[in-house]
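here are the coordinates; sequence isn't available:
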C-alpha cells in the first residue's frame, strides 16, 4: 500500500497559515444490503443518486479545493457523476483503507475546483457517500477545528442506547458509561501530511487492513483526535430501513 506520494508538498504547505482542503468522498461500496443490485452510490433518493446528493453537499460547503471520489472498478456511471462536479474519480480498493489511500495518492492529480485556491492542499476531509445528507455545518465544524491547529477531527453525536461489551462466548463483560461514548460520523478531517504518514506507518506495521475508519488509524498512531458536534442528519445509509428513512425525511422536508 503505497502512501509516499505528495508527502513533501503537503508538509511544506502546512506552514502557509491557511488550510487548503481536499475532500475525499468514499463511494466504492457494493450496496448489497440495500438490495438494488447496484453500487450503493448509484441508489436513488428522490430521483438522485446518493453520490449526487453527497457531492452537492460537499460543493455547498465551499471548502473543497480538490475533490476526489473513489468508485468501484469499472463503474462508468459514478465516474460520470464525479466528473460533472469537477471531481477526479479513482478506483477504490477491496477495503476502506485501500480506497482512502488511493484517493490520497491522487490528490495531486485532481483539478482545482472553480473559484478555489490552486495551491497544494494541506488538509483533507474524508467523507462517506452513504452519509449524503450531512449538513454544511458539520463540515465547517471539522474544518474550523483544523484551521485552529488540530491534526485530527471527527464529528460525533451522543450514544442513546446502552452499550454492552461481550466476551468470545457472548457473555456480557462490561457496560461502558454512555457519557463517555460517542457515535462517529463523517467528514473526518486531518492534516494531510499527518494522515499520509499515519497510513504509511500502519502499512509498514501491517495494521492498515484492520482499520475501519481514519480516526481509528490516527488513534493507533498516537495522534490526538478531537470530537466536534455532528448531526442527526448525518446518518449512514446502509440498510433498506436507512434508505426508507432518507426518503421519508426528504418527502417531509419538501411537502
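Nice, I can see it. These numbers were taken from a predicted model, which means no experiment stands behind them.

list the contacts of the strand or helix carrying residue 126.
Using DSSP states H and E, residue 126 maps to strand 123-128. For strand 123-128, contacts defined as C-beta atoms under 8 Å, 6 or more residues apart in numbering pick out 19-26, 54, 58, 63-64, 100, 103-104, 107, 134, 139, 142-143, 146, 186-192, 195, 214, 236. All C-beta spots, glycine's among them, are computed from the backbone N, C-alpha and C.

tell me the centre residue of this structure?
Centroid-nearest residue in the chain, with C-alpha atoms, centre = their mean: residue 127, separated by 2.0 Å.

give me the nearest residue to that residue, chain neighbours excluded.
Leaving aside its sequence neighbours, residue 127 sits nearest to residue 187 (C-beta to C-beta, 6 or more residues apart in numbering; 4.0 Å).

residue 181 now?
Distances taken as C-beta to C-beta, 6+ apart put residue 159 closest to residue 181, at 4.1 Å, once the chain neighbours are dropped.

state the distance from residue 145 to residue 66.
Distance, residue 145 to residue 66, using C-beta to C-beta, to the nearest Å: 20 Å.

between these two, which one's more packed in?
Shown here are residue 145 and residue 66; by other C-beta atoms under 10 Å, residue 66 has more neighbours (26 against 19).

ok so, going back, give me the buried entries from the contacts of strand 123-128.
Buried by 16 or more other C-beta atoms under 10 Å: 19-26, 54, 58, 63-64, 100, 103-104, 107, 134, 139, 142-143, 146, 186-192, 195, 214, out of the contacts of strand 123-128.

so which of those residues belong to helices?
If you go by DSSP state H, these have 54, 58, 100, 103-104, 139, 142-143, 146, 192, 195, 214 in helices.

and of these, the nearest to residue 72?
Nearest to residue 72 among those is residue 103, at 13.6 Å by C-beta to C-beta.
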